[in-house]
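Enquirer: I'd like to go over a predicted model; first the sequence, then the structure.
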Amino acid sequence: MNPTLAEIPELFYSSETGTPIEKCLVCEKYLLDKEEYVIEKAFTNYPGVNTKDLVWEFAICTDCMKVQMNEYSEESERKMTEYFQEHMDFSYQNSLRTNQNFDASEWVSKCIIKGTSIEECAQFQISAQCLGNLMLFERTPFMISGEAMDEIIQLMSNETLDFFNDFRGKYFPPPEDLSPFFKERDFVLI
Ligand SMILES: [Zn+2]
């Protein structure tokens, strides 16, 4: 089945401007022309209260993503790839795509690894591949629950966790991170 491109949904817009994110977090290259990039956002959820806080959001171009990936330890990279291969279940994304359902909120409605519904996740990250001003509905968009993220973090070397923390500290220094509920060691580039 061919991947499908559709307009970037508001869920993945910049929370600051209310429009699609325009620049790569790292190299600040303009993205909305024909660049390939990934949008990632993390939220803290308050189950029962029906409210969620954005923890961070960014877009990163494929070139910068590759450079960042080289900073992982090889072992961590291998373990993360193995974990994803073993646990990611794309059957839900596939069925949505077969039904021509490109409602992003549906695509991220349950954890791609645990199957947990988004309302039950105390923390979660959403991720989507984009091309210029369009989003690729194929394997992404997807959501990863905090529970699965914790498992991934357990697999990472200290060196890799330090890298993630430095990355987060550089681009999202406190007090920009307004969520007191987000743990210190939490950031994973996926
Ligand atoms: Zn870049």
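Expert: Ah, there it is. Numbers count the residues shown, from 1 in each chain.

Enquirer: which residues of the chain fall in helices?
Expert: With helices called from DSSP state H, the chain shows them at 62-69, 74-87, 91-98, 104-107, 146-155, 158-171.

Enquirer: For the second one, buried residues please.
Expert: Residues 76, 77, 79, 80, 83 are the ones in helix 74-87 that count as buried (16 or more other CB atoms under 10 Å). The way it works is simple: take the backbone N, C-alpha and C, and place the C-beta from them, glycine included.

Enquirer: Intersect these with the contacts of the ion.
Expert: Among the buried residues of helix 74-87, no residue lies close to the ion (CB under 5 Å from the ion).

Enquirer: mean confidence for stretch 34-41?
Expert: Mean pLDDT, computed over stretch 34-41, is 95.

Enquirer: Please compute how far it lies from its chain's middle.
Expert: On the basis of CA atoms, centre = their mean, to the nearest Å, stretch 34-41 sits 10 Å off its chain's mean C-alpha point.

Enquirer: got it, and stretch 157-168?
Expert: With CA atoms, centre = their mean as the basis, stretch 157-168 stands 17 Å off its chain's centre.

Enquirer: which parts of this protein sit against the ion?
Expert: By CB under 5 Å from the ion, the part of the chain that sits against the ion consists of 24, 26, 27, 29, 61, 64.

Enquirer: from those residues, which would you call buried?
Expert: Burial by neighbour count, judged by 16+ other CB under 10 Å, picks out 24, 26, 29, 61, 64 from the residues of the chain next to the ion.

Enquirer: Just put those residues in TSV and tack on pLDDT.
Expert: Compiled in TSV, those are given as follows (pLDDT from 0 to 100):
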residue	pLDDT
24	97
26	96
29	97
61	96
64	94
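
Enquirer: Would you convert the residues you listed into CSV that also reports distance to residue 158?
Expert: Conversion of those to CSV gives the following (distance: CB to CB, whole Å):
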residue, distance to residue 158
24, 28
26, 23
29, 31
61, 28
64, 24
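
Enquirer: Lowest mean pLDDT among the helices and strands of this protein, which one is it?
Expert: Confidence across the helices and strands of the chain bottoms out at helix 158-171, with a mean of 88, counting by mean pLDDT, DSSP states H and E.

Enquirer: List the contacts of that helix.
Expert: Contacting residues not belonging to helix 158-171 are listed as 25-26, 56, 58, 68, 71-73, 76, 153, 156, 184-185, 187-189 [CB atoms under 8 Å, 6 or more residues apart in numbering].

Enquirer: Can you pull out the low-pLDDT segments for the protein?
Expert: Applying pLDDT under 70 to the chain flags the ranges 1-3, 47, 174-187.
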